[in-house]
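Undergrad: How does the following fold in three dimensions:
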Amino acid sequence: MANNVKKVNGIAIASIAKINGQNDSDLAKLNGEEFTGFTPPVMFQSAADFSTSTGDGAGAIDDTNYKVIKYESSGFLKVSTGGSVAAILMVAGGGGSGTNWGGGGGAGGLLYGTNITLNAGNYTITVGAGGAGTNSSGTPGNNGANSVISEASTASPTKTALGGGGGGSGAVSGSGDHGQDGGSGGGSGKPNNDWGAGTGVGDGTTTSGDLTAYGFAGGTPTEFYGMGGGGGGASQAGQVRTSADNGGGDGGDGKAYDIVEEGTDVTYAGGGGAAANSGGTRGAGGAGGGGQGGLYSSAAGADGTDGLGGGGGGSPYLGGAGGDGGNGIVIIRYQFQ
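TA: Numbers count the residues shown, from 1 in each chain. Model (predicted):
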């Protein structure tokens, strides 16, 4: 019991005020001897060891024997003692969508890995913002911004999730109806003289800083008179519909993880749906925060969901700007007891 511990490194226990920043009264065990009220020393010690430039970027969540740090805006992380964390999930900002029968924005690129080593150091956490939808028939939506984990001394490899590709804007000359390449590709706008969708990073075939990358291509219409394609998601390419349907392609679905709470999946990085003509079916946003495509004369494209990195939904002819992409997120899960 507690009174069995007499000295630590030759110092009488009564003279020790703190150990690893823990007050003496908060300690529960030392060399196997029990105290009361102790939280064991951990690799990431406390909220004081990570802070943000915005004041609200990081939030700590307890999940049984794990702690979870969620960055919904950019910030910092101090690692006092290097080691392995249980999992890291990174999602970049989703792509903004097109207008004038616009294609859906691609989801933010997704990175994931388990048992990832973080060396001691000061890390900068950048959470990518969603790209803005466009209101110009000759211009695709804007790509989302990258999410990045970097360490100043370069002792740990930089990890970069690529922003989602912007959706194309339809019925224009030139290449404005092309979806843009990104973490997941933006969907093509309504076909004109030249159309096509953006590409993604692939289905786990590439890595960034020891994390595996996921992101599929946007949808490319196969018929000249069809509507646009949905944006790609983390687990599925953007979809297209036939010209007879007059509908926009659905966004590709994202990927689900229980990194925040074990046993409770959350789906991230869904692509945006494409716009539909009168009587057609609006392109559904992909699971994981993709925005729904708009409908001629009645609805603009919806924004992607913040914190999930969803792509924006495409807007129809005279429907205003395409939906914006959702902001990304960075999540780190580690065991503390």
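
Undergrad: give me the number of residues near Tyr317?
TA: Neighbour count of Tyr317, defined by other CB atoms under 10 Å: 18. Every C-beta, even on glycine, is put in place using the N, C-alpha and C of the backbone.

Undergrad: Pull the contacting residues for it.
TA: Applying CB atoms under 8 Å, 6 or more residues apart in numbering, we find Tyr317 in contact with 100-101, 171, 275, 277, 296.

Undergrad: If any of those are buried, give me the ChimeraX selection for them.
TA: Restricted to buried positions by 16 or more other CB atoms under 10 Å, the ChimeraX selection for the contacts of Tyr317 reads:
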select :100,101,171,275,277,296
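
Undergrad: In a markdown table, list the contacts of Tyr317 along with secondary structure and distance to Thr212.
TA: Listed next are the contacts of Tyr317 as a markdown table, based on DSSP: H, G, I helix; E, B strand; the rest coil; distance: CB to CB, whole Å:
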| residue | secondary structure | distance to Thr212 |
| --- | --- | --- |
| Asn100 | coil | 36 |
| Trp101 | coil | 35 |
| Ala171 | coil | 38 |
| Ala275 | coil | 33 |
| Asn277 | coil | 39 |
| Tyr296 | coil | 40 |
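
Undergrad: tell me the least confident of the contacts of Tyr317?
TA: Lowest in pLDDT among the contacts of Tyr317 is Ala171, which has 65.

Undergrad: Figure out the helix or strand that Tyr257 lives in.
TA: Assigned by DSSP states H and E, Tyr257 falls within strand 255-261.

Undergrad: just checking, what packs against that strand?
TA: Applying 3 or more CB pairs under 8 Å, 6 or more residues apart in numbering; DSSP states H and E, we find strand 255-261 packed against strand 58-63, strand 66-71, strand 83-91, strand 110-118, strand 264-268, strand 329-335.

Undergrad: With respect to Ser153, which of these lies nearest?
TA: Smallest distance to Ser153 across the helices and strands packed on strand 255-261 (CB to CB): 12.3 Å, for strand 110-118.

Undergrad: coming back round to it: closest one to Thr305 among the helices and strands packed on strand 255-261?
TA: Evaluated over those, closeness to Thr305 peaks at strand 264-268, with 9.4 Å, by CB to CB.

Undergrad: So in that sheet, which strands flank the closest one, and in what orientation?
TA: strand 255-261 (antiparallel) (DSSP bridges).

Undergrad: quick revisit: can you put the contacts of Tyr317 in a markdown table and add distance to Glu72?
TA: Output for those, formatted as a markdown table (distance: CB to CB, whole Å):
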| residue | distance to Glu72 |
| --- | --- |
| Asn100 | 32 |
| Trp101 | 33 |
| Ala171 | 37 |
| Ala275 | 29 |
| Asn277 | 37 |
| Tyr296 | 35 |
